[in-house]
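[1] Quick one: sequence plus predicted model below, questions after.
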Amino acid sequence: MTDAHAYPVPVEPPVDRVTRLSDRVLSRMPRWLGPVAVLGCIGGALGYTMWSTPASSGADSIPTCLVKLTTGLDCPGCGGTRAAWYLLHGDIPAAARHHLLFVFAVPFLLYLYVAWAGQTAFGWKLPQLRLSPKLLAFFLGAWGIFMVLRNLPWAPFTYYFV
């Protein structure tokens, strides 16, 4: 007697030449290359931020925000580049004025990178941050509320309008 509700056994798809090549290349790469590549991307982003001087630029100059340029409203990320620029210059109050949640998140992002890079490159066993779905939903909700409040046209919310 056969079971009518039996689930089919999954079949591995055939491996194509591109997958075999990428698997071979990835298996030969040193462990430290991933963290160094990410660090290079972070360095490039910070270098661009330092080069562009976003603190003295308007909505229509480089780097630009399309939402701010077209609607005049601050999007959820508006002020993040300026906040990074002020953080790089050690001005935490000005950075918080431009993007409060970005300033709050930076230490956690730095720790996540150091823990991941240390584990990947050197085998360090740093405690990992546990980000539950509820915590992420809370942070995204706070980010959305922050976006709405910073666009309200009366005090004290106009202080965060960048």
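    Received the coordinates, thanks. Numbering: from 1, shown residues only.

[2] Dead centre of this structure: give me the residue that sits there.
    Geometric centre of the chain, nearest residue: residue 109, 7.9 Å, by C-alpha atoms, centre = their mean.

[3] Give me the distance between that one and residue 6.
    For residue 109, the distance to residue 6 (C-beta to C-beta, to the nearest Å) stands at 46 Å. Placement of C-beta: from N, CA and C, glycine included.

[4] next one: residue 132
    For residue 132, the distance to residue 6 equals 35 Å [C-beta to C-beta].

[5] Equivalent analysis for residue 141, please.
    With C-beta to C-beta as the criterion, residue 141 and residue 6 are 43 Å apart.

[6] And residue 14, by the same measure?
    Distance from residue 14 to residue 6, by C-beta to C-beta: 24 Å.

[7] So residue 141 and residue 6 - more neighbours on which side?
    The neighbour count for residue 141 versus residue 6, taken as other C-beta atoms under 10 Å, is higher for residue 141 (10 against 7).

[8] contact partners of the strand or helix carrying that one?
    Assigned by DSSP states H and E, residue 141 belongs to helix 133-150. For helix 133-150, the external contacting residues (C-beta atoms under 8 Å, 6 or more residues apart in numbering) are 74-76, 100-101, 105, 157, 160-162.

[9] In it, which residues are buried?
    Neighbour-count burial for helix 133-150, counted by 16 or more other C-beta atoms under 10 Å, picks out 143, 146-147, 150.

[10] Quick check: mean pLDDT of that helix?
    For helix 133-150, mean pLDDT is 88.

[11] from memory residue 111 sits against residue 127, does it?
    No - applying C-beta atoms under 8 Å, one finds residue 111 not in contact with residue 127, separated by 9.3 Å.
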